[in-house]
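Asks: the following comprises the amino acid sequence and a computationally predicted model.
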Amino acid sequence: MSEKSAAIRAEALESLLVEKGLLDTARIDDVLTLYNERVGPMNGAMLVAKAWRDAHFKQQLLADGTAAIAQFSFEGGQVDKLVVVENTAEVHNVVVCTLCSCYPWAILGLPPKWYKDPAYRSRVVREPRAVLTDFGTHLPAEQEVRVWDSSAEVRYMVLPVQPKGWETLSEGELVNKITRDSMIGVEVLAEVAE
Ligand code: FE
């Protein structure tokens, strides 16, 4: 289905549900705002910042992501089982949903358009390095690339490597700098000159 026809179908569905009294438009706007702004990738960034600062939390997050995030009661559900995979000098992780667009909404917000694109979904599995290059992400040849295929049951988040120099930043500053794409694994955070 093309993006345009998907949009038309969504609009048709929405007006039908509103007409039948099953849904009101204000509620839809509330949900969109929640995902785009409030839930967004802020929750994921907070988890990453906390993991970088707190070795015990990092260990919990990597051992059992679902249990580690339970304490935050993130809104938006959709994370039955969260698996957090850690990037290191040896391994770089990338997340995809080859089947559709499963994504950890509660911690990363709405998936970006390209995440749902069949081209990304099929290609990142076959040639992850080429796809990462398209994102401007160049990995050392010796670094292993692992691709994680999400499903309705298991959602993944990447724990990015903390760039040099970020040790001095506060958790709040870190949250602002940790990008959504770095938690999907298509971007490597780099120390940016101010
Ligand atoms: Fe999916």
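Replies: Cool, got the structure. Residues are numbered from 1 along each chain as shown.
Asks: show the end-to-end separation of stretch 166-173, please.
Replies: End-to-end distance for stretch 166-173: 9 Å, by C-alpha to C-alpha, to the nearest Å.
Asks: contacts for it?
Replies: Residues from elsewhere that reach stretch 166-173, judged by C-beta atoms under 8 Å, 6 or more residues apart in numbering: 46, 49-50, 52-53, 174, 177, 189, 191. For every residue, glycine as well, the C-beta is placed using N, CA and C.
Asks: averaged pLDDT, it. What do you get?
Replies: On average, the pLDDT along stretch 166-173 is 93.
Asks: output the lengthiest helix in the chain as CSV, nothing but the C-alphas.
Replies: Across the chain, the longest stretch assigned as helix under DSSP state H is helix 3-19. The C-alpha coordinates for helix 3-19 follow below in CSV (Å, rounded to 0.1, in the frame of the first residue of the first chain):
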residue,chain,number,x,y,z
GLU,A,3,1.8,6.0,1.8
LYS,A,4,-0.9,8.1,0.2
SER,A,5,-3.5,5.4,0.1
ALA,A,6,-2.6,4.4,3.7
ALA,A,7,-3.2,8.0,4.7
ILE,A,8,-6.6,8.0,2.9
ARG,A,9,-7.6,4.7,4.5
ALA,A,10,-6.6,6.0,7.9
GLU,A,11,-8.7,9.1,7.3
ALA,A,12,-11.6,7.1,6.1
LEU,A,13,-11.4,4.8,9.2
GLU,A,14,-11.2,7.8,11.5
SER,A,15,-14.3,9.5,10.0
LEU,A,16,-16.2,6.3,10.1
LEU,A,17,-15.3,5.7,13.8
VAL,A,18,-16.2,9.3,14.7
GLU,A,19,-19.5,9.0,12.8
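Asks: name the nearest residue to A130, sequence neighbours excluded.
Replies: Nearest residue to A130, sequence neighbours excluded (C-beta to C-beta, 6 or more residues apart in numbering): R123, at 7.3 Å.
Asks: element containing that neighbour?
Replies: R123 belongs to helix 118-126 when elements are defined using DSSP states H and E.
Asks: after that helix, next one along is what?
Replies: helix 128-134.
Asks: what are the contacting residues of that next one?
Replies: 92, 94, 120, 123-124, 138-139, 145, 147, 186.
Asks: quick check on those: which are buried?
Replies: Among the contacts of helix 128-134, those classed as buried by neighbour count (16 or more other C-beta atoms under 10 Å) are 92, 94, 120, 124, 139, 145, 147, 186.
Asks: okay, and which of those map to helices?
Replies: 120, 124.
Asks: got JSON lines for the buried ones among the contacts of helix 128-134, with pLDDT and distance to T133 too?
Replies: Formatted as JSON lines, the buried ones among the contacts of helix 128-134 follow (pLDDT from 0 to 100; distance: C-beta to C-beta, whole Å):
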{"residue": "H92", "pLDDT": "98", "distance to T133": "13"}
{"residue": "V94", "pLDDT": "98", "distance to T133": "12"}
{"residue": "Y120", "pLDDT": "97", "distance to T133": "13"}
{"residue": "V124", "pLDDT": "97", "distance to T133": "12"}
{"residue": "L139", "pLDDT": "95", "distance to T133": "9"}
{"residue": "V145", "pLDDT": "98", "distance to T133": "11"}
{"residue": "V147", "pLDDT": "98", "distance to T133": "15"}
{"residue": "V186", "pLDDT": "97", "distance to T133": "10"}
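Asks: brilliant, that's me finished.
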